[in-house]
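>>> Okay, sequence plus prediction incoming.
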Amino acid sequence: MAGEFISNEEDDEKRSRSSAFCWWRTVKEFQDLVKPDLDHALLNLTPILRLLRELERLALVADEGLDELRHKLITYRSGDFWLPAGGISKADMDVPQVITILLVGLSGSGKSSLVNLMYSVLGRSGLIPFAQTSRGSSNYTTMFLEEHNVLRSMRSGFCVYDSRGVDLNRMREGLEEISSWMSDGVRHYQSCSRREDNAATIPQIGCQLSSARFTPRLVNCAVLVVNLAETAGAFKKGDLKPLQAIRDLFRCPAIRKSNENPLLILTHGDLLSAEERIDGRLKLCEYLGVPEGTGAYDIPCLTEQGILPEESDPVTSYALIEAIYRVLIQSDRTHLPTRKPQDWLLIVWSWIMSSIAAFFASLAYFFSKFGPKKIH
């Protein structure tokens, strides 16, 4: 009996500790979620109730699932989540040594803050910032692509790249830059300078040369980071410009490595009230056409005191780890078969035939343009 009593006390303590971070339980719709006859109306749940159910799921599994899921990421090696498909074995797949995750988003979306939280939750780094953020300095912007080993392990199976935010007024240039990263690959310390940058902020030649010494990596998956506080404000004001920019990023063909939508991570929601936070997420998910529950993760990154939550907030920590876990599963599903010699021969043969066809097409155009014309 005494052991059972102690166990119940521990369970109550865990539930109360998680409840302190369950901000969504203050909204009035949450009472509809705990009604006894809810099971009878599961098929008729409104979007807000579906979202609340998903947030409750994270809270229920956070305490016991946090260490288990963290262990899966720590022991993860590239290709561990690959599943057989198409009759090809894993040995015939082109699996990189390290999975590369690229964070993209508008300027000030919270990409660097998210990286710091990853270090805190996965690398047990405490409050040490590994990526400089624009918080408290509106003039700061990321000038280099940075590769982050958020596990702080020599055997890490994945890395995270922090990129420069896309300028709201130069969306075309930003989308082209992201497309080049997705197609050509990325390097640690690669310059992100743009034409509009001041001369003082453009990286020097020596810095640009030093990036060539780092290993180039092909991007396996891109994650779209969105500032929920700014997005909710844009919906409230009726300002469609930032919303259209987010939609353009979300629909960018280059960041889609599979049939699945890019994963959304919503940051800085702690700056909003619970009602505004819920409403902003619902509107954004509807605007982008993604499920309000499973299509996005609400990860505040920084507490109201401006420090990282780390394990003091198990719900945020678990949501972050689950998001990375899903990204790795998605990445391992995009590996392609290794090219064999006959594949390269076919590519070379196709190139030769295309060149011959282009040559004869040029000759035909030349003679039709400058050859003797028939007189009728």
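Ah, there it is. Residues are numbered from 1 along each chain as shown.

>>> can you map out the strands along this structure?
Under the criterion DSSP state E, the chain carries strands at the ranges 99-104, 144-148, 158-162, 190-191, 221-227, 263-267, 296-298.

>>> tell me the angle the fifth one makes with strand 158-162.
Strand 221-227 and strand 158-162 are oriented at 40 degrees to each other (axes from the mean of the first three to the mean of the last three CA atoms, to 10 degrees).

>>> any idea of the mean pLDDT in strand 221-227?
Strand 221-227 carries an average pLDDT of 95.

>>> In terms of secondary structure, what does that strand contact?
Contact here means 3 or more CB pairs under 8 Å, 6 or more residues apart in numbering; DSSP states H and E; on that basis strand 221-227 packs against strand 99-104, helix 241-250, strand 263-267, helix 314-332. Heads up, the C-betas are built off the backbone N, CA and C, glycines and all.

>>> Other residues contacting the second one?
Contacting residues not belonging to helix 241-250 are listed as 104-106, 166, 168, 171, 175, 178, 224, 226, 230-231, 234-235, 255, 261-262, 264, 284, 287-288 [CB atoms under 8 Å, 6 or more residues apart in numbering].

>>> which residues touch the spatially most central residue of the chain?
Nearest residue to the geometric centre of the chain (CA atoms, centre = their mean): residue 223, 1.6 Å. By CB under 8 Å, 6+ apart, the contact set of residue 223 is 101, 102, 103, 104, 262, 263, 265, 323, 327.

>>> coming back round to it: and the helices and strands packed on strand 221-227 as JSON lines, adding mean pLDDT, distance to residue 113 and mean neighbour count?
Listed next are the helices and strands packed on strand 221-227 as JSON lines, based on pLDDT from 0 to 100; distance: least, CB to CB, whole Å; neighbours: other CB atoms under 10 Å:
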{"stretch": "strand 99-104", "mean pLDDT": "96", "distance to residue 113": "10", "mean neighbour count": "24"}
{"stretch": "helix 241-250", "mean pLDDT": "95", "distance to residue 113": "18", "mean neighbour count": "18"}
{"stretch": "strand 263-267", "mean pLDDT": "95", "distance to residue 113": "6", "mean neighbour count": "24"}
{"stretch": "helix 314-332", "mean pLDDT": "93", "distance to residue 113": "12", "mean neighbour count": "22"}
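
>>> To residue 298, which of those lies closest?
With distances scored as CB to CB, the stretch of those nearest to residue 298 is strand 263-267 (4.9 Å).

>>> Note down every partner strand of that closest one and its orientation.
Partner strands for strand 263-267, per DSSP bridges, with pairing direction: strand 221-227 (parallel), strand 296-298 (parallel).

>>> Out of the strands of the chain, the one nearest residue 348 is which?
Checked against CB to CB, the stretch from the strands of the chain lying closest is strand 99-104, at 28.5 Å.

>>> so how far is the closest one off the chain centroid?
Distance of strand 99-104 from its chain centroid, counting by CA atoms, centre = their mean, to the nearest Å, is 7 Å.

>>> That strand packs against which elements?
On a contact count with 3+ CB pairs under 8 Å, 6+ apart, strand 99-104 meets helix 111-122, strand 158-162, helix 171-184, strand 221-227, helix 314-332.

>>> Could you export these to CSV, including columns for distance to residue 23?
Formatted as CSV, these follow (distance: least, CB to CB, whole Å):
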stretch, distance to residue 23
helix 111-122, 17
strand 158-162, 26
helix 171-184, 32
strand 221-227, 18
helix 314-332, 9
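
>>> Quick check: which of these is nearest to residue 193?
Closest approach to residue 193 among the helices and strands packed on strand 99-104 (CB to CB): helix 171-184, 10.5 Å.

>>> Now do the buried residues in that closest one.
171, 174, 175, 177, 178, 181, 182 (16 or more other CB atoms under 10 Å).

>>> For this protein, name the helix or strand with the lowest mean pLDDT.
Across the helices and strands of the chain, mean confidence by mean pLDDT, DSSP states H and E is lowest for helix 2-19: a mean of 50.

>>> Buried deepest among the strands paired with strand 263-267, which one?
By mean neighbour count, with neighbours taken as mean count of other CB atoms under 10 Å, strand 221-227 ranks first of those at a mean of 25.

>>> what's the burial count for residue 53?
The number of residues packed near residue 53 is 14, by other CB atoms under 10 Å.

>>> so it touches residue 293, yeah?
Yes: judged on CB atoms under 8 Å, residue 53 makes contact with residue 293 at a distance of 6.9 Å.

>>> Going by distance to residue 213, which of the buried residues of helix 171-184 wins?
For these, the closest approach to residue 213 (CB to CB) belongs to residue 181, at 18.7 Å.

>>> picking that back up, would you list the strands paired with strand 263-267 in a markdown table and tack on distance to residue 69?
Supplementary listing: those in a markdown table, determined by distance: least, CB to CB, whole Å:
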| stretch | distance to residue 69 |
| --- | --- |
| strand 221-227 | 17 |
| strand 296-298 | 13 |
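
>>> Okay, now stretch 100-108: how far is its last residue from its first?
This stretch, stretch 100-108, spans 22 Å end to end (CA to CA, to the nearest Å).

>>> for stretch 162-178, same thing?
Length of stretch 162-178, first residue to last, CA to CA: 12 Å.

>>> Report the distance from stretch 223-230 to the chain centre.
Averaged C-alpha coordinates place stretch 223-230 at 10 Å from its chain's average position (CA atoms, centre = their mean).
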